[in-house]
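[1] Have a look at this fold, sequence not included:
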């Protein structure tokens, strides 16, 4: 038992737990379509066009632990890590969509412009797929630098995630 | 002291990559044609035009999933896990997606040409570990090239064989927000917005 414990500790030390837990703030972002407005349901912020990050969550989803149904239903876990309930006003839609927004901190080992700022894009097909109480989710991701013994350069980490539905199902 | 400075400079160039020299005609018309041909920003100095190699470029990546099928108008139905760059993610039809694949292929053609030359010029034993993959890459590139040549591209002035420029290098910035170009000359970038100067050699992606 003692040796197993030492082995686990060694793996953690030498691999950095696959991806580091050190994070940095992403201070700003932009919603690509300046006509789309995302508002916190508690009224604490409104995002339109370019914005300063009103909050930072610590969900840290990455491709090792998320995908498929797990991601679609992942808003429950995200809300435990400071994601926010939002309403999404889209010009082409009569009613606002309900949503959950993650604006995550970036992994210290993250690479690319996505670790410096958010760029929120909501293509129409995903808006259409959020009808009739169905959930649609969009996100941006980045890759990690590979510096440990294990190659993590193919690991994808999400910077922002937005779940949407036309029904109030995220409560 | 001089050697120490040279040593420090060489350290800073670790993990840098050579720019790809593509043309010696930098008039605006040709730059425009080069931009359309490679679908990529063109780096220019006082005489020549270059492309940044893939080692110095990072895209933004987007993805999405849904409980129902995602339908792209005028296109086939995509199911889950569409992961892509912004252009593909926002694509309204197949032509936008095709354009992105064409962009990828045009850069691959250049890299393939260089990889092929590399194999022919060097001692195979020295690079035995990667020869098989490189051969495969070259075969793949030849196949793509045959398809690519069939497309009628306007007369654009490019040099016969794209080459890597040893004294023109670039390196990804530590945080990946852009890349830095190392050269003694003043550098400009030709992109869809026109020509812009890069005073400190740092090209940011945003």
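    In hand now; what should we look at? Keep in mind that this is a model prediction, so the values were computed, not measured.
[2] number of nearby residues for residue B:36?
    Neighbours of residue B:36 under the rule other Cβ atoms under 10 Å in any protein chain shown: 11. Glycine gets a C-beta too; all of them are placed from N, C-alpha and C.
[3] which element is it on?
    Assessed by DSSP states H and E, residue B:36 sits inside helix B:28-38.
[4] Identify each buried residue in that helix, please.
    Residues of helix B:28-38 classed as buried: B:30-35, B:37-38 (neighbour count, 16 or more other Cβ atoms under 10 Å in any protein chain shown).
[5] Between those, which sits nearest residue A:87?
    Nearest to residue A:87 among the buried residues of helix B:28-38 is residue B:35, at 40.8 Å by Cβ to Cβ.
[6] Could you single out the nearest of the buried residues of helix B:28-38 to residue A:114?
    Nearest to residue A:114 among the buried residues of helix B:28-38: residue B:38, at 23.7 Å, using Cβ to Cβ.
[7] counting contacts, what elements does the helix holding residue B:36 pack onto?
    Using 3 or more Cβ pairs under 8 Å, 6 or more residues apart in numbering or on different chains; DSSP states H and E, the elements in contact with helix B:28-38 are strand B:17-23, strand B:42-44, strand B:49-51, helix B:94-121, strand B:188-191.
[8] Pick out the shakiest of those, pLDDT-wise.
    Note on the helices and strands packed on helix B:28-38: helix B:94-121 shows the lowest mean pLDDT, a mean of 50.
[9] residues from chain A in reach of chain B?
    Chain A comes close to chain B at residues A:32, A:67-68, A:71-72, A:110-117, A:119, A:121, A:123-126, A:128-130, A:134-143, A:156, as judged by Cβ under 8 Å from any Cβ of the partner chain.
[10] Now with 7 Å, please.
    By the rule Cβ under 7 Å from any Cβ of the partner chain, the part of chain A lying against chain B is A:68, A:71-72, A:111-117, A:119, A:121, A:123, A:125-126, A:128-129, A:134-142.
[11] can you tell me which residues contact residue A:126?
    Residues touching residue A:126, when contacts are defined by Cβ atoms under 7 Å, 6 or more residues apart in numbering or on different chains, comprise A:136, A:138, B:64, B:66, B:70.
[12] got a list of what the first one touches?
    Translated: residue A:136. By Cβ under 7 Å, 6+ apart, residue A:136 lies in contact with A:126, A:129-130, A:164, B:66.
[13] average model confidence for the helix holding residue B:36?
    Helix B:28-38 carries an average pLDDT of 87.
[14] relative orientation of that helix and strand B:17-23 in degrees?
    Relative orientation of helix B:28-38 and strand B:17-23, computed by axes from the mean of the first three to the mean of the last three Cα atoms, to 10 degrees: 120 degrees.
[15] quick one: pLDDT of residue B:41?
    Confidence score, pLDDT, at residue B:41: 87.
[16] ok, it - contacts?
    Neighbour list for residue B:41: B:189-191 [criterion: Cβ under 7 Å, 6+ apart].
[17] Mind doing that once more with 10 Å?
    The contact partners of residue B:41, taken as Cβ atoms under 10 Å, 6 or more residues apart in numbering or on different chains, are B:35, B:51-52, B:57, B:189-193, B:196, B:203.
[18] closest to chain A among those residues?
    Using Cβ to the nearest Cβ, residue B:57 comes nearest to chain A of the contacts of residue B:41, at 9.8 Å.
[19] Leaving out sequence neighbours, find the closest residue to the closest one.
    Distances taken as Cβ to Cβ, 6 or more residues apart in numbering or on different chains place residue B:179 nearest to residue B:57, at 7.1 Å, with adjacent residues excluded.
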